[in-house]
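Asks: Here is the input, now give the coordinates:
(2 chains)
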2 protein chains.
Amino acid sequence: MLSPLIQELVDALRTLPGVGPKSAQRMAFFVLTQAQEKGHYLGHILQKAIRQVKTCQRCRMLCETDVCSICKHVQRDKSIVCVVESPANVIAIENAGMYQGLYFVLSGHLSPIDGIGPEEIGIEQFIQRIEDEEVREVVLALSATVEGEATAYYLVELIKKRGLKATRIAHGIPLGGELEYVDEGTLAKALLDRTNI
Amino acid sequence: MLSPLIQELVDALRTLPGVGPKSAQRMAFFVLTQAQEKGHYLGHILQKAIRQVKTCQRCRMLCETDVCSICKHVQRDKSIVCVVESPANVIAIENAGMYQGLYFVLSGHLSPIDGIGPEEIGIEQFIQRIEDEEVREVVLALSATVEGEATAYYLVELIKKRGLKATRIAHGIPLGGELEYVDEGTLAKALLDRTNI
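Replies: Just a heads-up that it's a prediction; the model follows:
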């Protein structure tokens, strides 16, 4: 029922994560009727960003320069590197505002069952980095999933072999979380990792 | 924390209805890391559609031709015109698969308080159409809101003055709707408009 071009637009909008057929149609009608100028600009910036954004040569964060602003920042502690699974995780940690070291962004986690080994997620470049630079500590901030854990164990081996300190972010009860709604696994881990007060 | 170009992309994605800061960031990272080609195509089709899509000269539905495929369809009943508030409503009625007449798409509804009068929503063109063409019946399929009702009353006057039949789609209990969850207004209307069986 939609004209061919509008149907193409709806289908293309469905590429975006979290966008189903109904929201794609709503978005299409919105840009076609109420936001032509902004929609046109979105189209332009999408193409420009995809053309110009690349990964930082040092930490693999997304940026449009050779080296990202975090790696270039003079006041950051270059002896600590935090390993994450995606650029979104860098933003999450930066927003928390507590971390002053640098990053290394893997492309997801190891998943031998899907044929995703160390080279596929960038571990070779990570080894190169900790060998070449004066890194003292590597903080692992990977997902608390089976694959995340497996990737963490694999990295710990590599880090310790080079005489560096390996740490991982704490797992436990989220701030503001009520005990009765926290799953048993998290609660068990929180008890095990209890700290002195 | 995001590089300037990525931030621009996130901001531009927030133009889309229903997209908040978190989903915009997720969309941006997705097209930049996993769907460059599809993202680039989306940018292209957005610009192309906004440039080429216009409104049908006859019914004001969105399409890329002068007259839309529904108006051009030889088997549709040209003596019935259904008035709706948006292109999305045409699609909804078409998907229901029961209506064989033509349409007229208003740009929303009357809203004197916001300075939106008959000319702003296309009522002049509607009058022209029912006067010029051999229309027998006008079906009003407007929102069941105060503004929708007001627009409907305004149109009924115009339609009856020209000796045409004016009807409106039925309001009542949605199919599959349980009585106890239907609001009182709808239930009252459903009782009032009860039909013989």
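Asks: Could you use CA atoms for every contact and neighbour count after this?
Replies: Noted.
Asks: nearest spatial neighbour of whatever residue of chain A ends up closest to chain B, skipping sequence neighbours?
Replies: The minimum distance from chain A to chain B, using Cα to the nearest Cα, falls at A:Gly43 (3.7 Å). Using Cα to Cα, 6 or more residues apart in numbering or on different chains and skipping residues adjacent in sequence, the residue nearest A:Gly43 is B:Gly43, 3.7 Å away.
Asks: Model confidence for that neighbour, exactly?
Replies: Here the pLDDT value assigned to B:Gly43 is 95.
Asks: in whichever strand or helix holds it, what counts as buried?
Replies: Using DSSP states H and E, B:Gly43 falls within helix B:36-52. Neighbour-count burial for helix B:36-52 flags B:36, B:39-50 (criterion: 16 or more other Cα atoms under 10 Å in any protein chain shown).
Asks: Could you check how far the lengthiest strand in chain A is from the centre of its chain?
Replies: In chain A, with assignment by DSSP state E, the single longest strand is strand A:77-84. Relative to its parent chain, strand A:77-84 has a centroid offset of 15 Å by Cα atoms, centre = their mean, to the nearest Å.
Asks: Residues touching stretch A:99-112, excluding its own?
Replies: A:58-61, A:70-71, A:76-87, A:90, A:93, A:116-118, A:120-123, A:126, A:147-148, A:150-151 (Cα atoms under 8 Å, 6 or more residues apart in numbering or on different chains).
Asks: do stretch A:52-69 as well
Replies: With contacts defined as Cα under 8 Å, 6+ apart, stretch A:52-69 is touched by A:71, A:87, A:90, A:102-106, A:129, B:2-3, B:5-6, B:32.
Asks: From the residues you listed, list just the buried residues.
Replies: The buried subset of the contacts of stretch A:52-69 (16+ other Cα under 10 Å) comprises A:71, A:87, A:90, A:102-106, A:129, B:2-3, B:5-6, B:32.
Asks: Closest one to A:Leu175 out of those, please.
Replies: A:Val90 (20.0 Å; Cα to Cα).
Asks: Give me the three-state assignment for the closest one.
Replies: helix (DSSP: H, G, I helix; E, B strand; the rest coil).
Asks: So for A:Gly177, what pLDDT did the model give?
Replies: 74.
Asks: same check, this time on the one 3 residues further on
Replies: Among the per-residue scores, A:Glu180 shows a pLDDT of 81.
Asks: now it: how far from A:Ala170?
Replies: A:Glu180 sits 20 Å away from A:Ala170 when distances are taken as Cα to Cα, to the nearest Å.
Asks: How about A:Lys22?
Replies: Separation of A:Lys22 from A:Ala170 (Cα to Cα): 40 Å.
Asks: From the contact counts, what lies against the host helix or strand of A:Leu5?
Replies: Assigned by DSSP H and E, A:Leu5 belongs to helix A:4-13. Judged by 3 or more Cα pairs under 8 Å, 6 or more residues apart in numbering or on different chains; DSSP states H and E, helix A:4-13 is in contact with helix A:21-33, helix B:36-52.
Asks: so what's the residue positioned nearest the centre of chain A up against?
Replies: Chain A has A:Ser86 as the residue nearest its centroid, 2.0 Å off, counting by Cα atoms, centre = their mean. Shown in contact with A:Ser86 (Cα under 8 Å, 6+ apart): A:Val105, A:Leu106, A:Ser107, A:Gly108.
Asks: ok so, going back, export the helices and strands packed on helix A:4-13 as JSON lines, with columns for distance to B:Thr15.
Replies: Shown next, in JSON lines, are the helices and strands packed on helix A:4-13 (distance: least, Cα to Cα, whole Å):
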{"stretch": "helix A:21-33", "distance to B:Thr15": "9"}
{"stretch": "helix B:36-52", "distance to B:Thr15": "13"}
